[in-house]
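> turn this into a structure:
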Amino acid sequence: MDQYSNITYWFLLTTVIAVAIYDLWVGTNYGGVYTVSTRILQVSRVYPILPLAFGAVLGHLFWPQQ
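Residues are numbered from 1 along each chain as shown. A predicted model of the protein is given here:
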């Protein structure tokens, strides 16, 4: 791995861990209504294009790359 991919790896890992800790903290202290996944679901019901957009982005991220 080169220097930049190592920075990207740690940035992504840190972000995922921070969101998971935040989500657990919110769920524990304020109930499941305020968790990240619940909010995403609520917004997706109002704007159904969002799940399609997330799917398109994830498809591009995980499509085999050279």
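
> just for the protein, where's the confidence low?
1-4, 66 (pLDDT under 70).

> all helices of it, in order?
Per DSSP state H, the chain carries helices over the ranges 3-30, 36-46, 49-62.

> which strands and helices lie in contact with the shortest one?
Spelled out, that is helix 36-46. Applying 3 or more Cβ pairs under 8 Å, 6 or more residues apart in numbering; DSSP states H and E, we find helix 36-46 packed against helix 3-30, helix 49-62. Any C-beta I mention is one placed from the backbone N, CA and C, and that applies to glycine too.

> got the angle for it vs helix 49-62?
Here helix 36-46 runs at an angle of 120 degrees relative to helix 49-62 (axes from the mean of the first three to the mean of the last three Cα atoms, to 10 degrees).

> what angle separates helix 36-46 from helix 3-30?
Relative orientation of helix 36-46 versus helix 3-30 (the same axes, to 10 degrees): 90 degrees.

> just the last one next, same as before
Our comparison of helix 49-62 with helix 3-30, counting by the same axes, to 10 degrees, yields an angle of 140 degrees.

> mind saving the C-alpha coords of helix 49-62 as CSV?
The C-alpha trace of helix 49-62 is given here as CSV (Å, rounded to 0.1, in the frame of the first residue of the first chain):
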residue,chain,number,x,y,z
ILE,A,49,-34.7,8.2,-4.4
LEU,A,50,-32.1,8.0,-1.6
PRO,A,51,-32.0,4.2,-1.2
LEU,A,52,-31.5,4.0,-5.0
ALA,A,53,-28.7,6.6,-4.8
PHE,A,54,-27.0,4.7,-2.0
GLY,A,55,-27.3,1.5,-4.0
ALA,A,56,-25.7,3.2,-7.0
VAL,A,57,-22.9,4.6,-5.0
LEU,A,58,-22.2,1.2,-3.3
GLY,A,59,-22.4,-0.5,-6.7
HIS,A,60,-19.7,1.7,-8.0
LEU,A,61,-17.6,1.3,-4.9
PHE,A,62,-17.7,-2.5,-5.0
